[in-house]
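A.B. asks: below: sequence and its predicted model.
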Amino acid sequence: MSTERSTQRRWFSVSDDSLLTILEHMIWPILAIVIIGVLATVPGTLSTFTSVRLILWSAVPIGLLVLAESICLLSGHFDLSIGAVAGFSAMFTAMVIGNAPQDWNVVHNAWIGFALVISVGLLIGFVNGYMVGVVGINPFLQTLSFLIIFQGARTAINTQPGSGLPHLFVQPGGTPDFAIGVFLLAFVLFGIVMRYTRFGQAVYATGSDDHAAREVGVSTERVIIAVYAISGVLSAVAGLMIAGYTSVVPPLIGDGLVFQAFAGAVIGGISLFGGRGRVTGALGGVILIQIIQSALSNSNLVSSTQNQMINGIVLFVAILLYSTQDRIRSRILASD
Amino acid sequence: MADREGQRPVDRRTYLKVAAGAVGVASLAGCSTNSGNSANGSSSSASQSSSSGGSSSSGSGSTSTTSKSGGGSNGPYNIGFSSYVRGGSWITAYNDAAKYYASDNDIKLDVRPNRQSSSKQIKDIRDFTNKGYDGIIVGVWSTGAAKSAIDYAMGKGVPVMSTNADTASSKIPLYVGFGNYAGAHKCGVQMVEALQKQYPNKSSFHVLNIRGPQGNQSANQRSQGFVDVMKKHDNVTIDKTINAKFAQPTAQTKVQQYINANGTPDGIYSGNLSMGLGSYGALKNLGKLHKMGEKGHIVLTQMDGSPRVNPLVGKQYIDAAVDQPNYFYNPIALKYMVEYIEAGGVNGGGDSVIPKVGSTVKKSQLSIQPHQHKGVNLWETPIWAPATIKKENGHPWFQTNSVTITQSNYDKPYLWGNIWGKKS
């Protein structure tokens, strides 16, 4: 009798573990279903290698922003300023290194441009992190104020496309395979860092319960500063990629991207409450959104007036799925 | 979130609540997703009815342009100008023209930036009124929001005219700006002509319509004008209307993915400068960019010229672009303003100098005296003419003509992109 009970318990335990694993990676079966659906209804969207490459190429900037937001979310924080940081760092750099009439014409050097764009992102991210982690300002208010400041600053310095950029400066974002490589590498790198390093574990610990994290010796202030600094750098690289993608810095660069970044992270299974989710899941979220958007644009059955609504429905369904996932997860863990 | 030393505990749910409030604050601060989208790629919430959209603000305070010498009028008049501010070359052209004209014509112009804020603009209009300015020119930031302040000024006997973007106030004597629908209509005509020229042996054509956001009046007009021309030609089909949100990267992504999935269209129309460059970039990335007349050339027409677009028209990658006479808007308004004041103003016979609704103003009927500015004889070519006087929002609308940029005029000095786009 006791052997039977023990076997039953073990079977349920294994079954629960499997279920938890499936829930943790739910984005991938969803992505597979969506791909099959797209192949059946709008085959041209994914029919060739070029099609896939174009989708991934256009996903690069938003993908980097999703990664930035995901890391912040995992630490239990938010960064509303990512789009503004992407836009400002790119526009500021374009004004410094560009040689178009509206530019400042300081120095026409791509390498200085790379260093500058990343430095600007890093600096803004560091200040965000310091204000949130050390000074204790609410992250929403802090990053919201930076969103307003840097979106305004970007427009203040230039309202026309930032052009006259050195050829090399636009190469990383303008070369599809390189840009996609950077995008995938960033996800792989941060996937490893978040899963296998002390820093990654500290981020999860801070996001899960920062009081408990401090109790076990995690310097949460440092973690928060680092997380925002990383977010700033990734946002700046996203800005660089947009500049390369279009060969100029568009005047409205970065506008509205923060909402897409949140959507990508949430669809990818990153918890809004911190401490749960996988960076690889966020990658799945980005790809899912891009495939759906591409299919909607390519389909002659869906009018442009319906696109936004359908995008919203996809997000809503994803939120419902994850809310159900949360409930199932809590039930399983409670039954243990 | 657990408490920090010396701080009150704040959990993440509280963050979310704060976020909800914060999003509200962001909206009030003008940070909503679409607030920055306007027809010509610069930022203006007035784009709902503007001919181009405005710009954005960083500047503070006001700048004053004083007359150099007396003119033929009873001036110098004190005119307040609530405008977009310095930034891109489109807005710079729009603003510079006002300052140059004021300086040339014995008008004291007090320029105040609206700082992307309706409340700032309202405050400035009321301040101009209370200080007894002779007239006010407004580059309207928000069509509806400025109405009360404009009505207040008109009620106090201070005439107000709007330029570039219209106001909802029915009381103003004149609005000066070009017509989005008319411009898009021209692009449609150019598209059909270019298609027939490029493909003389083809009997039917397929085109894409790249437009701005639905719900944005400017975007709707810039799309509808084109669509209506296509409807008149049975052999032209719009395969797809794509909403690229007035943004270059969005247009580039959607156009290249569409073409890759569905094949190459014969022509692409883009509803503003940024989307036009996006369409151009998409063809370049796909290896489908060919000059006019070459095999495989896809006809490109678009709204808005610019320092970047004009050379691409010259190189025959873009077939035609329809541009605005933006550096004429404020001079025309200032000229009528002076005449309006001298004819008796708001409570006198001011309206007698305003052209009648339904009439046409030819270049012989309105002269903006050319002067040397920016290295050219500015206003020498009256590209605003002929203008039609329409009724919009209950007041007269001086609807200027637009300029079609082609290979024959892409480098002419009367295009703002060639004046303000040059290195100084």
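C.D. replies: Nice, I can see it.
A.B. asks: just give me the neighbour total for A:Gly136.
C.D. replies: 15 (other C-beta atoms under 10 Å in any protein chain shown). The way it works is simple: take the backbone N, C-alpha and C, and place the C-beta from them, glycine included.
A.B. asks: then B:Gly212?
C.D. replies: So B:Gly212, with other C-beta under 10 Å, has 33 neighbours.
A.B. asks: that one and B:Met275 touch, don't they?
C.D. replies: Yes: with contact defined as C-beta atoms under 8 Å, B:Gly212 reaches B:Met275; the gap is 7.4 Å.
A.B. asks: mutual contacts of the two, please.
C.D. replies: Any residue near both B:Gly212 and B:Met275 by C-beta atoms under 8 Å, 6 or more residues apart in numbering or on different chains counts here, and that gives B:244, B:246.
A.B. asks: give me the mean pLDDT for stretch A:232-252.
C.D. replies: Computed over stretch A:232-252, the mean pLDDT rounds to 94.
A.B. asks: dump the C-alpha coordinates for it into CSV.
C.D. replies: Extracted C-alpha coordinates of stretch A:232-252, given in CSV (Å, rounded to 0.1, in the frame of the first residue of the first chain):
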residue,chain,number,x,y,z
GLY,A,232,20.7,51.9,-21.3
VAL,A,233,23.4,50.3,-23.4
LEU,A,234,21.0,47.9,-25.1
SER,A,235,18.7,50.7,-25.8
ALA,A,236,21.5,52.7,-27.3
VAL,A,237,22.5,49.8,-29.5
ALA,A,238,18.9,49.5,-30.6
GLY,A,239,19.1,53.2,-31.6
LEU,A,240,22.3,52.4,-33.5
MET,A,241,20.6,49.5,-35.3
ILE,A,242,17.6,51.7,-36.3
ALA,A,243,20.0,54.3,-37.7
GLY,A,244,21.7,51.5,-39.7
TYR,A,245,18.4,50.0,-40.9
THR,A,246,17.2,53.3,-42.4
SER,A,247,20.7,54.8,-43.1
VAL,A,248,19.6,57.9,-41.2
VAL,A,249,18.3,58.7,-37.7
PRO,A,250,14.6,59.2,-38.2
PRO,A,251,13.1,62.2,-36.5
LEU,A,252,10.7,60.2,-34.4
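A.B. asks: check whether it comes near chain B.
C.D. replies: Yes: legend: contact between stretch A:232-252 and chain B by C-beta under 8 Å from any C-beta of the partner chain is shown at A:242, A:245-248, A:250-252.
A.B. asks: give the helix, strand or coil label for B:Ile268.
C.D. replies: Following DSSP: H, G, I helix; E, B strand; the rest coil, the label given to B:Ile268 is strand.
A.B. asks: beta-bridge partners for it, please?
C.D. replies: B:Leu208, B:Leu300 (DSSP bridges).
A.B. asks: that older thread, among the residues of stretch A:232-252 next to chain B, which ones are in helices?
C.D. replies: If you go by DSSP state H, the residues of stretch A:232-252 next to chain B have A:242, A:245-246 in helices.
A.B. asks: adding neighbour count, write those out as JSON lines.
C.D. replies: What follows is those, written out as JSON lines (neighbours: other C-beta atoms under 10 Å in any protein chain shown):
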{"residue": "A:Ile242", "neighbour count": "26"}
{"residue": "A:Tyr245", "neighbour count": "26"}
{"residue": "A:Thr246", "neighbour count": "26"}
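A.B. asks: and the helix or strand harbouring A:Ser51, what other elements does it pack with?
C.D. replies: Assessed by DSSP states H and E, A:Ser51 sits inside helix A:49-74. With contacts taken as 3 or more C-beta pairs under 8 Å, 6 or more residues apart in numbering or on different chains; DSSP states H and E, helix A:49-74 sits against helix A:82-97, helix A:176-196, helix A:198-208, helix A:220-246, helix A:257-267, helix A:279-298, helix B:248-262.
A.B. asks: most neighbours per residue, which of these?
C.D. replies: Each of the helices and strands packed on helix A:49-74 was scored by mean neighbour count; the highest is helix A:82-97, a mean of 29, by mean count of other C-beta atoms under 10 Å in any protein chain shown.
A.B. asks: any residue of it up close to chain B?
C.D. replies: No: with C-beta under 8 Å from any C-beta as the criterion, chain B is not reached by helix A:82-97; the gap is at least 8.5 Å.
A.B. asks: what residues sit buried inside the following helix or strand past that helix?
C.D. replies: Scanning forward in sequence from helix A:82-97 by DSSP H and E, the next helix or strand is helix A:110-130. For helix A:110-130, a neighbour-count test (16 or more other C-beta atoms under 10 Å in any protein chain shown) marks A:110, A:112-114, A:116-118, A:120-130 as buried.
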